[in-house]
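Visitor: kindly return the folded structure for what I paste below:
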Amino acid sequence: MSASSATNPANYTLTASGGDNVFGNANDIDVSADITGITYNSLTGVATLTFSTLPSATDHYQLTVHGVQDAAGNPL
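Guide: Reported below is the predicted structural model:
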């Protein structure tokens, strides 16, 4: 994976379900701004995200990854 694409916050969207645990309806909340850091370990291929606030234990979250590329620049 390309480290520069894996650590780019613009490549991640974090959505809260708005308390009803259902995605795709009018009360979904984009909480991507809560992503404060991303580290990438090239040995394990793991990207780790950190957040400014802890997610609510009573809500569900959906993380969408887009724009991340492999080492050759191909989309994943």
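
Visitor: bridged to the spatially most central residue of the chain, which residues?
Guide: The structure's the chain has its C-alpha centroid closest to Tyr12; by Cα atoms, centre = their mean the separation is 3.8 Å. Judged by DSSP bridges, the bridge partners of Tyr12 are Val65.

Visitor: my guess is it contacts Thr64. True?
Guide: Yes - counting by Cβ atoms under 8 Å, Tyr12 touches Thr64, with 7.1 Å between them. Any C-beta I mention is one placed from the backbone N, CA and C, and that applies to glycine too.

Visitor: and Ala71, what pLDDT?
Guide: Among the per-residue scores, Ala71 holds a pLDDT of 89.

Visitor: chain neighbours aside, what residue packs nearest to it?
Guide: Ser2 (5.8 Å; Cβ to Cβ, 6 or more residues apart in numbering).

Visitor: how about Thr39?
Guide: Spatial nearest neighbour of Thr39, excluding adjacent residues (Cβ to Cβ, 6+ apart): Thr48 at 5.0 Å.

Visitor: next: Asn21.
Guide: Leaving aside its sequence neighbours, Asn21 sits nearest to His60 (Cβ to Cβ, 6+ apart; 4.6 Å).

Visitor: pretty sure that neighbour is touching Ser17, no?
Guide: Yes - here His60 reaches Ser17: they are 4.5 Å apart, a contact under Cβ under 8 Å.

Visitor: higher neighbour count, those two?
Guide: Neighbours of His60 and Ser17, each counted by other Cβ atoms under 10 Å, are more numerous for Ser17; the result is 18 against 15.

Visitor: separation between that one and Ala72?
Guide: Distance, Ser17 to Ala72, using Cβ to Cβ, to the nearest Å: 36 Å.

Visitor: and the residue nearest to Thr39, that's in a strand?
Guide: Yes - assessed by DSSP: H, G, I helix; E, B strand; the rest coil, Thr48 belongs to a strand.
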